[in-house]
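A.B. asks: give me a 3D structure for the following:
(3 chains)
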Amino acid sequence: MSIPQALNAPQREAVSHVEGPLLVLAGAGSGKTRVITAKIAHLVAQGVAPARIAAITFTNKAAREMRERAAKLLAAQGRAEAAASMAISTFHSLGLSIVRAEAKRLGLRPGFSILDPADLESLIAELVGTADRARARAAQWKISGWKNALVTPPRARFIAASDDELAAARAFAGYDEALAAWHAVDFDDLIVKPVSLFDRDPEALARWQARFDHALVDEYQDTNPAQYRMFRHLVGARTCFTAVGDDDQAIYGWRGATVDNLAQLPTDYPSLRVIKLEQNYRSSARILRCANALIANNAKLFDKRLWSELPHGDTIRVTVAADDESEAELVVHRLLAHRFEHRGRFRDYAILYRGNHQARVFEAALRAQNVPYAISGGDSYFDRAEIKDIVAYLRLLVNDADDPAFIRAITTPRRGVGQTTLKRLSALAGERRESLFAASLSPALREAAPPKAAEALAELGSLISDLKSRAKREPAGRLLNELVGRIGYEDWLVSTFDKRDAQAKSTSVADFVGWLSRKGDTERKTLPELTQMIALVTMLEGRDADDADVVRLSTLHAAKGLEFPHVFLVGVEEGILPHRESIERGAIDEERRLMYVGVTRAQRSLHLSFCRTRRRAGGRIDAMPSRFIGELAPQDLRYADAPLPPEEAARERAAGAERLKALKARVAR
DNA sequence: TAGAGATTAGTTTTT
DNA sequence: CTAATCTCTA
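C.D. replies: Numbering: from 1, shown residues only, chains lettered A, B, ... in the order given. As a prediction, this is how the structure comes out:
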């Protein structure tokens, strides 16, 4: 009765199966979010408290959408009040809750810092003994990979297969020690720390297991070994869970995700029930046929056949452009023409691409035509320098052992403390085995430092201790405003940047402070909680942009889970999609799944485009159409006539004939 | 120490 | 061709 009639048979089955372990293999557009939200509502209707259902997603956006849709269903059941206590979160924010609750057992202070990779790059460089940023990042990447695979530092040294890997493995232990000394964790630790705690502490494990009656994981194919282990721990012997995933949409292998977790599930849970959702409600039959043809080139883990009752729909348009700038122009023109012809809205259109940098030319072309747009993904609001500056002060306020935060705070705004003083300070701190902040309070150092630097250190020290003493009693908003005022941030912005930049930065700081204050008031969060949350939240301007009538620009990764009436998939070239690095690593399958994700975002029309040449680093490079275009159903493709000069057009026809020949050869085989 | 100009390296996806 | 990093001078 609590199961909506609007669900199809397998969907209903997935919702009503509440007793044992369940795997839902949900093809693209088969209504998986619908199933998950209906299941939450169903469980609540069955008497399960909303707080006892752990629903786990990968992104904040997915969590937000799930929360909203589940809340609607609950409201329809007259249980609107239940929505507030739903335990819907990302893997990382769930991990954060656990680390926060168990901080003491994990040897962390309540105000522990969460450092992002940028904060840790210089530490890694130092540990590896390199000045080369690329090398440092490679080592950092490697260490992150080991953490996600639950590999310990000694084990990493054992399995390291190259000199670079060995250097990274040797840095690994020192890296964790530095984090511990700073009372800090990295992103990966938010998963790894709970896992290691549960591994060694049965009492803590039992406590967390007792908190949930049912667990749901979305995008299960994208879990990494650490996440799977955390999930298994939480599920425990009760084994009441719903894992929803699609091996054809596994696109996070580069981040340590492994479809082994999907393959492993029937073995780990012999009573596992598997339900397939194969009816697609999203795309035209033609788009679906292309998607199926494409993905048929991959080895299959589970046999799955997507079908649709929707009409055939428009042919897929392929556009060939002379270079990336004209590709952007052509796409924007076609988009506008299409919108005019179909009297559509801007928000019905999405431009999808492989890498963030590809967005630039499209932004320029859209602006030139006065087309409103929004970019999802890309550089986060919280990565902006001015926000990180303010956050550094917050981190230091909450955790004075956070050396990276101290360094950023003392040097921005500039106030007479430079390399020399910092070096002296860090020598003293190392000698005394204390934090930079603690060392900065030492009278001995004050005497040795130049008067200006000594004064700055004293000022920061008293600012921090003053605000800290008031943090418990006074609202976060007031403290923040005072902080920004007392460090003279506005003045510094005005004197350092030109008028426009200073204005923009000042506005974004004001927005940030306002947002954080509201958060502090409405959700009654403490300063440490607010500070920790910032590290995991990526989009401030989420909701507004979703509703706005704008063209969406997005990477393929960030577009997963979304759908649009009309999709332009751009830069479909060898070297981009599939990406060059992936070709070299032989990871074509994952690139193909990425293309598959792109194709299956489209509901009514799909447009592909590629360039013949592309500007790069000042020069030009030749480009070839992606092999994936040749893998689509050829009868469904139409090459649009690009306005090319006659000579180009002739070459284009020749290239088309070549492609046709290649296709025929393919079919013959 | 801080800021202005010179130089040089860059291109994958993200919590 | 950018954008960030580096080097030099005040």
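A.B. asks: every contact and neighbour count from this point should use C-alpha atoms.
C.D. replies: Will do.
A.B. asks: mind checking how far A:Val259 is from A:Pro225?
C.D. replies: 10 Å (Cα to Cα, to the nearest Å).
A.B. asks: higher neighbour count, these two?
C.D. replies: A:Val259 (23 against 20; other Cα atoms under 10 Å).
A.B. asks: who's in contact with that one?
C.D. replies: A:Gln221, A:Asp222, A:Thr223, A:Asp247, A:Ala250 (Cα atoms under 8 Å, 6 or more residues apart in numbering).
A.B. asks: please identify the helix or strand for A:Ala54.
C.D. replies: For A:Ala54, the host element (DSSP states H and E) is strand A:53-57.
A.B. asks: what residues does the very next helix or strand once past that strand touch?
C.D. replies: Counting by DSSP H and E, the next helix or strand C-terminal to strand A:53-57 is helix A:60-76. Contact partners of helix A:60-76, identified using Cα under 8 Å, 6+ apart, comprise A:33, A:37-38, A:40-41, A:56-57, A:80-83, A:86, A:88-90, A:537-538, A:542, A:561.
A.B. asks: off-centre distance for helix A:60-76?
C.D. replies: Averaging C-alpha positions (Cα atoms, centre = their mean, to the nearest Å) puts helix A:60-76 19 Å from its chain's average.
A.B. asks: how many residues are close by A:Leu394?
C.D. replies: 26.
A.B. asks: how about whatever residue of the stretch 1-150 of chain A ends up closest to DNA strand C: what's its closest non-neighbour residue?
C.D. replies: Closest approach between the stretch 1-150 of chain A and DNA strand C, counting by Cα to the nearest atom of the strand: A:Ala131, at 6.9 Å. Excluding its sequence neighbours, the residue lying closest to A:Ala131 (Cα to Cα, 6 or more residues apart in numbering) is A:Ala125, at 6.3 Å.
A.B. asks: check contacts around A:Pro443.
C.D. replies: Counting by Cα under 8 Å, 6+ apart, there are no residues that A:Pro443 touches.
A.B. asks: quick revisit: out of the contacts of helix A:60-76, which are buried?
C.D. replies: Buried by 16 or more other Cα atoms under 10 Å: A:33, A:37-38, A:40-41, A:56-57, A:82-83, A:86, A:88-90, A:538, A:561, out of the contacts of helix A:60-76.
A.B. asks: what's the span of stretch A:215-226 from first residue to last?
C.D. replies: 17 Å.
A.B. asks: please give the element, helix or strand, for A:Glu325.
C.D. replies: helix A:324-342.
A.B. asks: mind listing what's buried in that helix?
C.D. replies: So for helix A:324-342, counting by 16+ other Cα under 10 Å, buried means A:Asp324, A:Glu325, A:Ser326, A:Glu327, A:Ala328, A:Glu329, A:Leu330, A:Val331, A:Val332, A:Leu335, A:Leu336, A:Arg339.
A.B. asks: just give me the closest of those residues to DNA strand B.
C.D. replies: So of those, ranked by how close each gets to DNA strand B (Cα to the nearest atom of the strand), first place is A:Asp324, at 11.8 Å.
A.B. asks: residues touching A:Thr59, list them.
C.D. replies: A:Thr90.
A.B. asks: and it, what are its phi and psi?
C.D. replies: Torsion angles at A:Thr59 (phi, psi; degrees, to the nearest 10) stand at phi -120, psi 160.
A.B. asks: can you check A:Ile88 too?
C.D. replies: Dihedral angles (degrees, to the nearest 10) for A:Ile88: phi -100, psi 120.
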